[in-house]
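Asker: no sequence on this one, just coordinates:
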């Protein structure tokens, strides 16, 4: 099980800015370790961000997204005290969902 | 035709951080104008970011993403002088592609 994400969500002027830092190795499958063995591909493929039950952002990622990915965006609406939920799935079937309260 | 995007791409420590500001009304189709008429939905549905020919990020957006959307993320690789290309398409068939040089 991966470590929790760090999620910040701040509402201002009718919009909410979301910043997410995910803990994931994001191995592209092209890298060799110190012994010369290929490190198997292990990367997040899908990210979904919800405000309550409503999907506000959906991304498909490939092998090139960096280790411990960072993602930031804004959506319309959102009020202090409401919830934002971020979920990811990776190519090995692992997944994680974390929640933040809009500040 | 929409205004150009503002794109910044900076390489450091084997990664490139990309920040994009898009000029788009992002009308969700739920808002009424001063005369009480519904403002038709007009929003970006697809965003693709490429490093050279390689797709590094792909997003599907809905009606909730804010006016003049902001998006930031990092990808592995990228060197100063190389190109990053950002493209979007909206629900009315309009599209735009802009390019930045990694600094």
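Answerer: Great, that's in hand. What you are looking at is a predicted structure, and each value in this text was computed from that prediction instead of being measured.
Asker: get me the contact residues on chain A for chain B.
Answerer: Within chain A, the positions near chain B by CB under 8 Å from any CB of the partner chain are A:15, A:17, A:26, A:28, A:51, A:54-62, A:64-67, A:69-77. For glycine as for every other residue, the C-beta is placed from the backbone atoms N, C-alpha and C.
Asker: just the buried residues of those residues.
Answerer: The neighbour-count test (16 or more other CB atoms under 10 Å in any protein chain shown) marks A:15, A:17, A:26, A:28, A:51, A:56-59, A:61-62, A:64-67, A:69-71, A:73-77 as buried among the residues of chain A next to chain B.
Asker: who touches the nearest residue to residue A:73 once chain neighbours are set aside in this structure?
Answerer: Of all residues not flanking residue A:73 in the chain, residue B:71 sits nearest, at 5.1 Å (CB to CB, 6 or more residues apart in numbering or on different chains). Residues counted as contacts of residue B:71 (CB atoms under 8 Å, 6 or more residues apart in numbering or on different chains) are A:72-73, B:19-20, B:22, B:47, B:59.
Asker: and residue A:103, by the same measure?
Answerer: By CB under 8 Å, 6+ apart, residue A:103 lies in contact with A:8-11, A:80.
Asker: from the residues you listed, which land in helices?
Answerer: Using DSSP state H, no member of the contacts of residue A:103 sits in helices.
Asker: where does pLDDT dip in chain A?
Answerer: Scanning chain A for pLDDT under 70 picks out A:1.
Asker: so which residues of it form strands?
Answerer: With DSSP state E as the definition, chain A shows strands at residue ranges A:6-12, A:15-21, A:44-51, A:54-60, A:70-76, A:83-90, A:95-101.
Asker: dump these into a markdown table; add distance to residue B:84 as well.
Answerer: Output for these, formatted as a markdown table (distance: least, CB to CB, whole Å):
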| stretch | distance to residue B:84 |
| --- | --- |
| strand A:6-12 | 25 |
| strand A:15-21 | 21 |
| strand A:44-51 | 20 |
| strand A:54-60 | 16 |
| strand A:70-76 | 16 |
| strand A:83-90 | 23 |
| strand A:95-101 | 28 |
